[in-house]
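Trainee: here are the coordinates; sequence isn't available:
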């Protein structure tokens, strides 16, 4: 009679046990990693918008500065999305019969807002102010990327707390003169850290890392 | 530094042998530490709510289902951004705007500044430029915001019982207005209002319908003060509570309470005259324990009916004193001869009390930076509030004032007699002391009487004030229509006779507030067309087949007048949330024939006319709207002089009579009332009805913030109770929570009993305004309706009720027993004399105790170190700070069941302590919120670092880290942490509109507590640092600090050399709560100083 358990049985059993424990562990760990990863969260995919607004054209080609539409960034916690009226300031004259701009004209006429899709969403328990960052020499491009090259805007920075804190703990390499804040193509003339140090001294930049800086 | 083993420094508080206690149970137990008292939460507090187990299960099941299908787990739900199509003028999304407006209640307006986030009003603050506010906001004003977003508000109109649009109702009204009979059957039942616009509409209606009548209605109309002015001066006048005086004698007058119009200003004025360096003296005789009585230096318990006897005795004493001394002496001569123990008043004290507020207001106005009330208007603040110094006042302050009465009048007063049985020896001694003090401070005193006392008492109080040269502050009346409670009775008579075919009711809920014997409710059905205009489908709406939903005051254009007559334009903050709502002005304009104009147009044209149609009217109008005050509109001071003969005649009529014959508030006691058995039972119990300090006359019963706000004295929430003194309760064999049956003249209510120390014996006090039947889910059936015990001749009780036990028990939701602090000396008060003799008395409470842990290196910031100081000397306990905190920080309400389980969420609580004898105790209030210990015990025990310290001295609570162990709450010696046992935040659209977008809405399972309004610090920091400067002194004001009428709370930067908070931290009166624990609190309290009259010589 052949033995019930052959010499290899132990190995099979061990492998099975390893699989039984390992597969769930790895999959759980993988899911957790994915959940924490911007890729898994879909943060970096370009967002479709109700009107195919193209920053490449408006910023890149026409050279409209960021502050023309997002003026809140300089004086409010929120940068803001421009009111329909501002779109129509030009588009009442230019492309005023384009079918793609139909929702904009409709909104302008009947006063209903355009439902834009949010691209950069922070959790509700985070208080973030554009005003202080912009006035302390953090450029738009530092967090939002080269918007002037994006056909549809997407997130380029992870916007995680760790990422925020990296800069708050050592802001020097990321600072630029206030005059260059909205310049998407500006590069520090020499060493970024050296420029940053000068800006930090001039603007009295002291980022805080206490919880209550953002959470209350 | 005392060792940890040293006994507590109990010898410091002056009433060394006087035990502080917080409830009778604690007193009888011989002190705290008993099981029931010592537990932070009662047994069962952790249990889930009963009756929802199934729902909880379903919620859990749904949650696990969602978890099972990982979809949507990683990705945030898509969010929309909805920008304006056309942006409103001056608005930057994310930056709140502030608009000046106001709220009228009791016929008077308090000027307010309302914060608006993208068109949503989120916070009500006081208007620093408005004379009735001076930057403070009371509980009603602030909580009105919740009423705006009340989902129970009426939404649709009804015409003859059928739902209809407003336009349909308006057509029906137009038809009514086309009547030919001159308005013979047309009646308007309205609330008295100071609004010039509404008064102009009344005049216009009277012009069109000369035979129509406009009738006032309201629970507060039975006001003896107004009738008292008529008796004393020959015509009704307004009296401004002018209590910023060296000696204030208040007879049943709770001028610090929230339920009297003008209380914010009165409290501010009074505190200005109560400088810790030179204390004034407050004498209070009162028929229940009130905040004013708690503040008194010399408090006396009296039955409501003893008002006449006490005032007669006071007038007699003062009259005798006037005769004894020459009338020409200077005030300081009186001080020398009168009471030797009285602290000599600084020469400028009179000046300060003459124009309080004016010099200190300017920084406040500037503090509201970023608001529409810009600092550039500060000079106007001085102009607006300073102008209250009327000519008579300036006269006073100059110290050359004299009595305006003849010497014979003083002799007449001296001849008044009180029968020996009417007053006890204690009461006579009190009267003698008060009279002596008044005589010693001629021209600097004030005798003030509560509206519930009969007109005669007011009349005599004016006489005493005039005789002493105190010059009551009288104004020509501003509110219309005139008339007392008798107007409603004459209307009811007309209704019963069928002489009224159209009744338009804009007064608040008359069917519910009407006296039990008015017959108004029963005869209302006889009116063919009866229209009710109200915010809710309430008790009156149920009786009126035509109904028009009203707009909230923050939704409509109107104007109003402050107690001193100053007019304001009350602008809307938001379009009506429910499109069917109509404002009172719109409704009345149909009858006035002005409906072609909108309320805004009517208002503007009225004021254009009133200002004399100046060419720059538009600019002026804009400024009035911005400031919230129309300058130069104060009511003219009255030049009326005292009718001495009439006063003496009225006084002599009751002089020497038994008090039982002269109670009641009716101006002309009818013969049958005099003869009825009521007046012949002086030995029995006496009923006293009062307006509620939280619900007023009941109109705020649907407001959850106010229902859950602990009543300042009893600490009762979500109910009213019959208040009894300990001795009376023993006689009646009643205890706390026993339901008693109170019967008066055949009417009865069954109401739970609360034994209140300090309550006069044989007096049953019951608050009106509770027990609403149709008010929406919040106030439905909460408490007991006391209006059923109200009668024409006895509007404030006065009758002798029979009180019997029912044997039933009702659990009262008191916040009193919670978080007992184990009998340590916490809320301290000293006599001014003792403190001056030993200013270092508090030294042992000022140093920091030893700690086991090494000093923290966290407090590193060189820029700011935030701190707070709460001055018990100025805290009246009014609770405005609690509502401010609740609004600012999105603090939820937990309901009656929640309070019973000690789950209330108020970040800031006001502790109330009794001192000494339970029958006639001392009283002190103490606001306590997180004190932001530098060595915080909560931080050591949190396993997840959810509570940590900031480098600027804040004890931070990080909600998104909190896992709800509640270790921190267990380890907190101040018991100021609050736990979300349930999901309290309702996510309905209306509720969400109201919430402050700067503050996280906490969910179930999270701990929370006072943050020092860190969102305001961070907002101010962002603004300041963006402008490349540091935060300035006064730029950050916490919500509680901002609301406080008496400026008891100071907040600021300890590092700033000149900051007010630093001065407070260095004040010899400051002490650190529980300092022996070594917690190093950042909030210090300042001891309260009392100024009792010198003993002996009585």
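Mentor: Structure's in. What do you need? Just so it is clear, the model here is predicted, and its values are computed rather than measured.
Trainee: make it CA atoms for all contacts and neighbour counts henceforth
Mentor: Noted.
Trainee: so where's the stretch 351-500 of chain B uncertain?
Mentor: Of all residues in the stretch 351-500 of chain B, those with pLDDT under 70 make up the ranges B:351-403.
Trainee: Please enumerate the strands of it.
Mentor: Counting by DSSP state E, counting those that start in this stretch, the stretch 351-500 of chain B has these strands, from start to end: B:445-449, B:474-475.
Trainee: Deepest in the core, which of those strands is it.
Mentor: Of the strands of the stretch 351-500 of chain B, the one with the most neighbours on average (mean count of other CA atoms under 10 Å in any protein chain shown) is strand B:445-449, at a mean of 29.
Trainee: who does that strand pair up with?
Mentor: Paired neighbours of strand B:445-449 in the sheet (DSSP bridges): strand B:247-251 (parallel).
Trainee: Report how many residues lie close to residue A:14.
Mentor: 11 (other CA atoms under 10 Å in any protein chain shown).
Trainee: on that earlier part again, would you format the strands of the stretch 351-500 of chain B as JSON lines with distance to residue B:870 included?
Mentor: Converted to JSON lines, these look like this (distance: least, CA to CA, whole Å):
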{"stretch": "strand B:445-449", "distance to residue B:870": "28"}
{"stretch": "strand B:474-475", "distance to residue B:870": "35"}
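Trainee: On the pLDDT front, check residue B:833 for me.
Mentor: pLDDT recorded at residue B:833 is 87.
Trainee: what sits against it?
Mentor: Shown here is residue B:833, whose contacts under the criterion CA atoms under 8 Å, 6 or more residues apart in numbering or on different chains are residue B:1091.
Trainee: Give me the phi and psi for it.
Mentor: Main-chain torsions, residue B:833, degrees, to the nearest 10: phi -60, psi -50.
Trainee: Looking at the strands of the stretch 351-500 of chain B, which is nearest to residue A:95?
Mentor: Each of those has some distance to residue A:95 by CA to CA; the shortest is strand B:474-475, at 67.2 Å.
Trainee: Quick one: neighbours of the residue of the stretch 751-900 of chain B found nearest chain A, just the number.
Mentor: Per CA to the nearest CA, residue B:889 is where the stretch 751-900 of chain B lies closest to chain A, at 9.5 Å. The criterion is other CA under 10 Å. On that basis, residue B:889 has 25 neighbouring residues.
Trainee: Looks like it contacts residue B:999 (just checking).
Mentor: Yes: at 6.1 Å, residue B:889 and residue B:999 qualify as touching, with contact defined as CA atoms under 8 Å.
Trainee: and residue B:188, helix, strand or coil?
Mentor: Following DSSP: H, G, I helix; E, B strand; the rest coil, residue B:188 is assigned to strand.
Trainee: From chain A, how far off is the closest residue to residue B:499 other than its chain neighbours?
Mentor: Counting by CA to CA, 6 or more residues apart in numbering or on different chains, residue B:499 lies nearest to residue B:185, which is 5.9 Å off, once chain neighbours are set aside. Noted for residue B:185: a distance of 47 Å to chain A, by CA to the nearest CA, to the nearest Å.
Trainee: coming back round to it: residue A:186: which of the strands of the stretch 351-500 of chain B is closest?
Mentor: Comparison of these against residue A:186 by CA to CA identifies strand B:474-475 as nearest, at 69.3 Å.
Trainee: Let me know how buried residue 99 is, in neighbour terms.
Mentor: Just going to use chain A. A total of 10 residues lie near residue A:99 under the criterion other CA under 10 Å.
Trainee: Correction: the question concerned chain B.
Mentor: Residue B:99 has 26 neighbours, counted by other CA under 10 Å.
Trainee: Verify the stated contact: it with residue B:626.
Mentor: Yes: counting by CA under 8 Å, residue B:99 sits close enough to residue B:626 to count as a contact (6.9 Å).
Trainee: Name the spans of the stretch 951-1098 of chain B whose pLDDT lies under the cut-off.
Mentor: With pLDDT under 70 as the threshold, the stretch 951-1098 of chain B has low-confidence stretches at B:1096-1098.
Trainee: same thing but 80
Mentor: With pLDDT under 80 as the threshold, the stretch 951-1098 of chain B has low-confidence stretches at B:986-988, B:1095-1098.
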